[in-house]
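Asker: Quick one: sequence and predicted model below, then my questions.
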Amino acid sequence: MNFVFILTASALRRDACCLTVRLDFCPHSAPMFAPDANNERLVLFENNWLEKLTVVSAFWFVVTWSVLLPVVAIAGWGQATPLAGFGLVVAGVIVWTLFEYVVHRYLFHWDAQWLWAKRFVFLLHGNHHARADDRLRNLMPPILSIPISLCIWAMFVAAIGPAGTWLFLGFLLGYVAYDLVHYACHQWPMRGALGEALKRHHMRHHHVDDEMNYAITGIFWDRLFSSRITSLRR
């Protein structure tokens, strides 16, 4: 008999360490989340094309945003004075750090009660906790990041006019920095006081308490909102 893995209503549970996933055998069901042949990656979609859209390499991430960031800068050219543009970019980076914290804490770690919501959270972020060192899922794939970015761009422009493009550029720079730092935390030996502090902060989120240390780049938000790990006891 051929068996497939599916995410059941009880599949997501929390223990003292981190978010874990229980994969149950269930025949005659559509495969939802199955380890691939080499047991290194969770398969999120049965459709191969959809599955390919859920991963991105560091190389293609850098190529994609190396093209898109200048496009946004060109779009904002002349929409604000140099000083105002610089100020908006800095403000955008700060806004990103708060956005990063709020989304990670309240969406990515949403303790949903409905099965569809549990599956949504797992697709969005839970799979990362299940396979935290999967290098092709340490970065947000463009299929998600680009549409979300376009919506935020539209919101900024609607809020403050054409100069909102500069605010968005700062926001986008913050996002790219965040994703690269997140990738580095899982894949690279980070050096220096700042690098070690960022990696230590995020590794404690994964290996000590996944309900603390939500920030990746703006780690001061965890101190401000009292969500910083102060003890290494589980």
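Answerer: Sure, I can see it.
Asker: mind listing the strands in this structure by residue range?
Answerer: For the chain, strands defined by DSSP state E occupy the ranges 4-6, 12-14, 19-21, 24-26, 34-35, 42-43.
Asker: Pull the contacting residues for the spatially most central residue of the chain.
Answerer: Of all residues in the chain, the one closest to the mean position by C-alpha atoms, centre = their mean is residue 140, 5.7 Å from it. Residues in contact with residue 140, defined by C-beta atoms under 8 Å, 6 or more residues apart in numbering, are 56, 179. C-beta here means a position set from N, CA and C on the backbone, and glycine is covered the same way.
Asker: let's see 6 Å
Answerer: Residue 140 is in contact with residue 179, counting by C-beta atoms under 6 Å, 6 or more residues apart in numbering.
Asker: so what's it scoring on pLDDT?
Answerer: Residue 140 carries a pLDDT value of 97.
Asker: Now do it against residue 55, distance only.
Answerer: Applying C-beta to C-beta, to the nearest Å, the value for residue 140 to residue 55 is 11 Å.
Asker: do the same with residue 188
Answerer: Distance of residue 188 to residue 55, computed by C-beta to C-beta: 19 Å.
Asker: which of the two has more neighbours?
Answerer: Between residue 188 and residue 55, counted using other C-beta atoms under 10 Å, residue 55 has the larger neighbour count: 17 against 12.
Asker: Would you mind confirming that that one is in contact with residue 136?
Answerer: Yes - judged on C-beta atoms under 6 Å, residue 55 makes contact with residue 136 at a distance of 3.8 Å.
Asker: Which parts of the protein are helices?
Answerer: With DSSP state H as the criterion, the chain has helices at 48-52, 58-76, 82-103, 115-121, 127-130, 142-160, 164-187, 192-207, 220-224.
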